[in-house]
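Asker: give me a model of this one.
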Amino acid sequence: MASIKDIAKKAGVSISTVSYALNGSPKVTDETCARILAIAKELNYVPNAAARSLKKKESKIIGAFLPDFSGGFYGDLLQGMKGTLIQKGYDLVVCSGPQSHRLLAEKLFDGALILDHTFSDEQLLNFAELGHRLVVLDRELKHPNINHVLLDNKAGASLAMEYLIDLGHRKIYVVTGPEGSYDSKQRMAAVRQTVERNSDVECIEISGDFNRTGGERAGKQIAAEFAGPVAVFCLNDEMAIGMYDYISETDLEMGKDIHIIGFDNIELSEYIRPRLATIDYSKKKWGSLASEQLIKIIEGKPVENERIYVTLVKAESVKPV
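Answerer: Numbering: from 1, shown residues only. Predicted coordinates:
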């Protein structure tokens, strides 16, 4: 790969002159600049982003760390992030998996948006202590370089449970998210609080994973134990849709034998039949607000922690008993 030194040698100029030309500096004449750019193109020169970042102390790139890309949830969230960042002159790189954590450690990003339970709190606090600017969407951490923009998980779970109870349901299965997930923990805390306030409610917890396969497994268990109409609260829509898939292969009917509510109001929830009751909030707004907060931290502006509010979407998948 050609370097600035190779371009300088072929052009017969200093390395600093090449650097000025490549960065559009007025210190180089138009004629010299054009000649240097032509040589750079001829040599297939590609700028070293890491080196440029070290020199300028900025990369104009933001990292978004997610546990997964699949399903209808992440698309809207990323659109919200990307739309705001592009307006502010930043690009977005999306990372997933524990091996990607090193990209944050190498300071390739000006800041990072974190919705990834594979990071420990200690890791993120250490990164913040080293000067990394972070916005977390999945936990509460106190540090000057960290802001959190959190979903109101407890309010959403309370709305879902109270909706089922108000319609007369007293046997409720709850399909959880993955172990270690902040959102799942918060939602389950609200579920248990609601059950404590309603002593006549039987709550059966089934371990899930926020994926459709988790909903299918839960559906298999519920179908095997079925003795009469039951209610189900899946802690996200993806699992609820997985349960629809499984139950559709049995003699049971959604909205009649199994009354189900999800969480997230992903696009597909509107089109399955019966329409899925769920908890709604703007995923685009969540991503956009997180990006806005991160840019404020990068620019040294004061920020307050933010919360994304939720609403109940009633639908035919839950009926009175």
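Asker: just name the shakiest helix or strand of this structure by mean pLDDT.
Answerer: For the chain, the helix or strand with the lowest mean confidence is helix 49-56, at a mean of 54 (criterion: mean pLDDT, DSSP states H and E).
Asker: contacts for the next helix or strand along the chain from that helix next, please.
Answerer: Remark: after helix 49-56, the chain's next helix or strand is strand 61-66, criterion DSSP states H and E. Contact with strand 61-66 is made by 49, 74, 78, 81, 85, 90-96, 100-101, 103-104, 108-116, 119, 291, 294, as judged by Cβ atoms under 8 Å, 6 or more residues apart in numbering. To be clear about C-beta, it is placed using only N, CA and C from the backbone, and glycine gets the same treatment.
Asker: just the strands in the stretch 201-321 of the chain please.
Answerer: Using DSSP state E, counting those that start in this stretch, the strands of the stretch 201-321 of the chain run over 202-206, 230-234, 258-261, 278-280, 306-308, 311-313.
Asker: what residue ranges in this protein score low on pLDDT?
Answerer: 1, 48-57, 71 (pLDDT under 70).
Asker: just the helices in it please.
Answerer: Along the chain, counting by DSSP state H, helices occupy 4-11, 15-22, 30-42, 49-56, 72-87, 101-105, 121-129, 153-166, 182-197, 212-225, 237-247, 283-298.
Asker: mind putting those in a markdown table, distance to Tyr173 and mean neighbour count included?
Answerer: Compiled in a markdown table, the helices of the chain are given as follows (distance: least, Cβ to Cβ, whole Å; neighbours: other Cβ atoms under 10 Å):
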| stretch | distance to Tyr173 | mean neighbour count |
| --- | --- | --- |
| helix 4-11 | 63 | 17 |
| helix 15-22 | 61 | 19 |
| helix 30-42 | 63 | 15 |
| helix 49-56 | 50 | 13 |
| helix 72-87 | 22 | 19 |
| helix 101-105 | 35 | 15 |
| helix 121-129 | 31 | 15 |
| helix 153-166 | 10 | 21 |
| helix 182-197 | 11 | 19 |
| helix 212-225 | 6 | 19 |
| helix 237-247 | 10 | 25 |
| helix 283-298 | 26 | 22 |
